[in-house]
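Chemist: based on what follows, work out the 3D shape:
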Amino acid sequence: MKPQQAARLRKVRALKLVEPAHEKEVLAAADDARLRAFADRYYKWLEVTHYSDVTITGKQWYLEKFFEWCELRSVERLDEVTPGIIEGYQKHIFNYRTKLGKPLSITSQRGMLLNIRVFFEWLIRKRFSTNNPASVLDLPRPSFKLPKSVFSISEIEKLLSQIDVEEPLGLRDRTIIEVLYSSGVRRKELRGLKVRDIDCERGLVRVMGKGRRERIVPIGARAVEWVKRYKEESRPHLAAGRTDPDFLFITHHGKQISLDQLSKIARTLILAANITKGGACHAFRHSFATHLLDNDTDLRFIQAMLGHQNIESTKIYTHVALKKLKEVHTAKHPTAAEMPEVKQPKPRRKKA
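Modeler: Modelled structure (predicted):
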């Protein structure tokens with residue numbers, strides 16, 4: 001029996017609130033008020049409402065950090081969590097330093113706090129509580145970061161042209177890059193593609209995105225031709241004599257390709273093309289969106305293709321699509337056009 005349970009039992013006995021035969025029932029009811037007991041109900045609700053395993057695991061990780069911090073301060077029950085406790089935890093993660101002595105990123109801090117707020121809002125909504133101590137939370141403002149790498153069209157063509165497509169793995173790698181750049185899908189989305197997910201006749205790809213949200217995105221004719229060739233020439237060779245996993249992109253062992261392998265393929269090809277920009281798979285997604293915006297594509301269409309729930313996530317590309325801005329500046333600004341050469345005055349001769 002835990003110390004807090006023993007203390008509650010002594011209190012129950014001292015006040016003679018119940019008969020001894022019912023003491024266990026009282027303790028069981030008290031235990032139901034533990035934070036972790038409510039968290040278990042929350043996780044079950046997430047599962048029943050079809051949240052993905054990845055999402056549930058992420059929420060559990062964030063909440064467990066909070067519960068561990070609370071338990072070190074003898075806070076285990078729901079009614080023991082006060083606004084002061086919540087604010088104390090926010091200060092804790094703000095001042096926390098990693099093993100390398102670095103603070104947590106704003107994204108990590110927001111994730112930890114946001115999941116606490118959502119959990120307590122769920123408790124209110126399900127009428128497990130009438131008090132929301134997390135209402136005092138002011139989430140840190142997210143930092144604004146531009147995409148690190150956007151490749152030019154010539155850089156992408158240079159990268160693609162160097163791949164040896166006569167080899168099964170080379171043909172696979174060429175197809176991977178073509179699909180990444182033509183559709184703008186995420187690395188994880190590409191990995192999850194099944195053979196049946198690409199409709200070569202209509203030039204469409206069925207993608208399972210974040211939060212199990214499915215979307216259909218177009219894919220260019222050139223990428224479609226590479227997919228066809230890969231399926232006919234390379235994939236049967238890679239899957240020969242092995243259990244076919246039905247995933248589109250597979251290893252030389254016939255298994256579903258991993259996320260790390262995809263990153264390694266992309267990064268290796270970038271370096272081989274002598275491209276000095278950073279990034280790997282996601283850089284092709286950035287390039288996809290930026291090049292569409294450069295060619296006057298409506299932001300809403302780009303949002304739909306990228307699978308962004310919030311248009312604000314897509315607007316970041318307006319800051320990197322500089323081609324049109326430069327064209328407007330050159331055409332309209334009086335000093336932007338090429339200026340005639342200015343003759344330098346001849347130096348004066350020194351008097352003897």
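Chemist: may I see the buried residues of stretch 66-76?
Modeler: Residues of stretch 66-76 classed as buried by neighbour count (16 or more other C-beta atoms under 10 Å): 66-67, 70, 75-76. Quick note: C-beta positions are derived from backbone N, CA and C, even for glycine.
Chemist: for the stretch 201-350 of the chain, give me the ranges with low pLDDT.
Modeler: 243-244, 322-325, 327-329, 333, 335-350 (pLDDT under 70).
Chemist: ok, and the closest non-adjacent residue to the residue positioned nearest the centre of the chain?
Modeler: Centroid check for the chain by C-alpha atoms, centre = their mean gives Lys210 as the closest residue, at 7.9 Å. Here the nearest residue to Lys210 in space, its sequence neighbours aside, is Gly307; by C-beta to C-beta, 6 or more residues apart in numbering that works out to 7.0 Å.
Chemist: isn't the one you found up against Glu214?
Modeler: No - Gly307 lies out of contact with Glu214 (C-beta atoms under 8 Å); the separation is 9.4 Å.
Chemist: pick out whichever of those two has more residues nearby.
Modeler: Gly307 (21 against 9; other C-beta atoms under 10 Å).
Chemist: ramachandran angles for that one?
Modeler: phi 80, psi 30 (degrees, to the nearest 10).
Chemist: go on, Phe247?
Modeler: Phe247 adopts backbone torsions of phi -80, psi 150, taken as degrees, to the nearest 10.
Chemist: and it, what are its bridge partners?
Modeler: Beta bridges link Phe247 to Lys194 when assigned by DSSP bridges.
Chemist: what's the burial count for it?
Modeler: 19.
Chemist: was I right about it contacting Asp197?
Modeler: No - using C-beta under 8 Å, Phe247 makes no contact with Asp197, being 9.5 Å away.
Chemist: what helix or strand does Val207 sit in?
Modeler: Using DSSP states H and E, Val207 maps to strand 204-208.
Chemist: likewise Ile216?
Modeler: strand 214-218.
Chemist: just want the angle from whatever helix or strand comes next after that strand to strand 204-208.
Modeler: Moving toward the C-terminus from strand 214-218, the next helix or strand (DSSP H and E) is helix 221-229. Here the directions of helix 221-229 and strand 204-208 differ by 80 degrees (axes from the mean of the first three to the mean of the last three C-alpha atoms, to 10 degrees).
Chemist: mind listing what's buried in the helix or strand that helix 221-229 is followed by?
Modeler: Remark: after helix 221-229, the chain's next helix or strand is helix 235-239, criterion DSSP H and E. Residues of helix 235-239 classed as buried by neighbour count (16+ other C-beta under 10 Å): 235, 238-239.
Chemist: equivalent analysis for stretch 105-114, please.
Modeler: In terms of neighbour count (16+ other C-beta under 10 Å), stretch 105-114 has its buried residues at 109-113.
Chemist: same question for stretch 171-191.
Modeler: Here stretch 171-191 shows 171-187, 189-191 as buried, counting by 16+ other C-beta under 10 Å.
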